[in-house]
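[1] Sequence unavailable; structure follows:
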């Protein structure tokens, strides 16, 4: 099937250049698309599309797959030649390759800080009205003392009325960039930039390139293959390609947060050094400081494929290559260290849980941008389905721009599923509700549906209901909007309180509301710094005679206990403080379990009679309930505030359930007691007033988003142990799904569309 911008029938394609530096080319006329490089992982068990770009004068492309073990051809298929409308992006998609072939300084991309280069001329060629204007801009950039050149693009239909957008900045600095082979460009400047104008301007290159695409039959997992693509004049190839399960990992900074910033890294390093997890291969597209925005979907693009001065993205890495330093003198600067921790730990945990003698290869693609809002990751068609969106063009990216630049380049790449960790920059907006098509609740549903439609447009490739996993926001991620967090997390589930649900089928959820950074709250003398955010532990302050307390092993559940001593050392570098918790392995583990069908317990109903309140839970086919709090932990006289993520009960004479949303004085903590393996009892004997509502994992006050309301924690004398909310499961240590329910005629009634009335 072929995709176009007007109907879902035009092939979605794109371009990579690491390969181009390794293979023979003729005048930059032929290239594979992103992310086809050496060591690529193709999705097993479905059709795999191989595609790229080709000069408009070439009409024949053939793709062959060669088994590297035997040297025999497995298959050879003709590629379809697609019209130039299938090729998009910031510049003519062959422009940067023409720079390479002509020996010019080719490095350059939006949001890359460097001196003007040939590649920048390519970008400007796609943004100016002709080659003369392009060259004039090159001169302006070279002569300017500014470090950036702003590209003002038209506002989309989803900007606020009358709003303009300045959403792309081409940055230039004094240092010349480096090519992927480590060669530093020696002739950056106006002359290089104007060469790009010649290579990319429609005035000089009137024929836009076409796209090509070949669809391969399904293959089983494993193997090592060479893929060759041929025109009558050129052969290009990639090697060591294998088949496995491919996942797209997207969102904002907690998805982008690097493995280097996690407590679990030392243990992971040791396992990788011993040869474990070498079934995992990784591909990074953009990072914390580099994003790729486009006005139109970049189905074919050169953006982001030529390595930065710090070259970590744009090419697949097996564990040997990924752990090899990319720059001299800095052994820590590796693709592995800088790769998404949540994404990798998911692959690690999935490998562990599968318990395969020969682990299936896993390909992980990171495309995530810190500070981004969900609207930037949604195509215009999905944005049109919702109301009350956060259309903030002053954020990291305006609506649809990151979908166009960082998701569209992958939609033709068959995948097994998706992982999504995002929301901190949407918490201050309208949480909304999928039931009335508003806010984040609607957007989450709409985005998932739209991504699946784009990725599955070619029949037999990505499944139309491909698994889609989400992470709820961690404590510490409110961006100053504490009182919005509970409602926002609810909206992350489309307002059903659990995944999957009828609006979001075949989705899965990993909670992080109980996974704030354990050291974030420590203050002197327990930590060495008075600044907000984690800082080195002052070890001498802990102990029998010290003012600080380190929680005993019994306070850590079995899932997090192995990291207790490592956390005390506090050696994992923090990134911007507690908003980026460093307990990412546990998030990845929970995602892997959820992907395999192991869900968090969910309130299914409750009953109140004879002064007793019983809570019933579902999703416990593989596990039983376990309580982590003692009755004394609910004693609010030992709390720093009047609220927390524990079980809270709203009760009051003469009050109604509607008063519970606004009158915080009606709420009090109520101890949970064991019931059956699937139910819990709420101790309400000390509550004399009528019970109107209950909530759990649903903080409503500023500073209450915590499972550790104890005074010592609040005063910075004791860390908040991760995963320490009251309700977890016995075997897998999964936290319960949060809930808010009114008590009506002795039964629970959750907020619509969630149902807990069984």
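    That came in fine, so what should we check first? Computed from a predicted structure; not experimentally measured.
[2] Now for residue 31, how many residues are close by?
    30 (other C-beta atoms under 10 Å). Bear in mind the C-beta positions are built from the backbone N, C-alpha and C, glycine included.
[3] ok, it touching residue 236?
    Yes. Between residue 31 and residue 236 there is a contact under C-beta atoms under 8 Å: 7.0 Å.
[4] Am I right that residue 247 is in a strand?
    Yes. Under DSSP: H, G, I helix; E, B strand; the rest coil, residue 247 sits within a strand.
[5] quick one, what contacts it?
    Residue 247 makes contact with 343, 346-347, 362-365, 415-419, according to C-beta atoms under 8 Å, 6 or more residues apart in numbering.
[6] For residue 462, see how far away it is.
    Distance, residue 247 to residue 462, by C-beta to C-beta, to the nearest Å: 11 Å.
[7] Overlap in contacts, the two.
    Shared contacts of residue 247 and residue 462, defined by C-beta under 8 Å, 6+ apart, are found at residue 415.
[8] Tell me where the stretch 451-600 of the chain has strands.
    In the stretch 451-600 of the chain, the strands defined using DSSP state E, counting those that start in this stretch lie at 468-471, 507-510.
[9] Rebuild those as JSON lines, extending it with mean pLDDT and distance to residue 76.
    Below are these laid out as JSON lines (pLDDT from 0 to 100; distance: least, C-beta to C-beta, whole Å):
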{"stretch": "strand 468-471", "mean pLDDT": "98", "distance to residue 76": "35"}
{"stretch": "strand 507-510", "mean pLDDT": "98", "distance to residue 76": "39"}
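[10] just the strands in the stretch 151-300 of the chain please.
    165-171, 210-216, 222-230, 235-251, 280-284.
[11] Quick one, which of those gets closest to residue 709.
    Closest of the strands of the stretch 151-300 of the chain to residue 709 is strand 235-251, at 28.8 Å (criterion: C-beta to C-beta).
[12] From the chain's centroid, how far away is that closest one?
    Distance, stretch centre to chain centre, for strand 235-251: 18 Å (C-alpha atoms, centre = their mean, to the nearest Å).
[13] Quick check: neighbours of it in the sheet, parallel or antiparallel?
    In the sheet containing strand 235-251, its partner strands are strand 41-43 (parallel), strand 222-230 (antiparallel), strand 362-368 (parallel), strand 417-421 (parallel), by DSSP bridges.
[14] And these: which comes nearest residue 387?
    Going by C-beta to C-beta, the one of the strands paired with strand 235-251 nearest residue 387 is strand 417-421, 21.5 Å.
[15] I'd guess residue 375 is in a helix, am I close?
    Yes. According to three-state DSSP, the state of residue 375 is that of a helix.
[16] and the angle for the helix of greatest length in the chain with strand 235-251?
    Criterion DSSP state H: the longest helix present in the chain is helix 439-455. Put simply, helix 439-455 runs at 160 degrees to strand 235-251, going by axes from the mean of the first three to the mean of the last three C-alpha atoms, to 10 degrees.
[17] I'd like the mean pLDDT over helix 439-455, please.
    Averaged across helix 439-455, pLDDT comes to 97.
[18] Which residues in that helix does the neighbour count mark as buried?
    439-452, 454-455 (16 or more other C-beta atoms under 10 Å).
[19] Which elements pack onto that helix?
    Contact here means 3 or more C-beta pairs under 8 Å, 6 or more residues apart in numbering; DSSP states H and E; on that basis helix 439-455 packs against helix 380-383, strand 468-471, helix 485-492.
[20] orientation of that helix relative to helix 485-492 in degrees?
    Orientation check (the same axes, to 10 degrees): helix 439-455 against helix 485-492 gives 30 degrees.
[21] Residue 658: how many residues sit nearby?
    Residue 658: 11 neighbours (other C-beta under 10 Å).
[22] Please renumber the chain so that the first residue is 48 from this point on.
    With 48 as the first residue, the last one maps to residue 705.
[23] Need the phi and psi values for it.
    For residue 705, the backbone dihedrals (degrees, to the nearest 10) come out as phi -70, psi -30.
[24] just residue 129 next, same as before
    With angles defined as degrees, to the nearest 10, residue 129 sits at phi -100, psi 150.
[25] who does it bridge with?
    Here residue 129, judged by DSSP bridges, has bridge partners residue 258.
[26] show me the contacts for residue 575.
    582-585.
[27] Next one: it relative to residue 767, how far apart?
    In terms of C-beta to C-beta, residue 575 sits 19 Å off from residue 767.
[28] thinking again about what came up before, ok, which of the strands paired with strand 282-298 comes nearest residue 642?
    Between residue 642 and these, the tightest spacing by C-beta to C-beta is seen for strand 464-468, at 7.1 Å.
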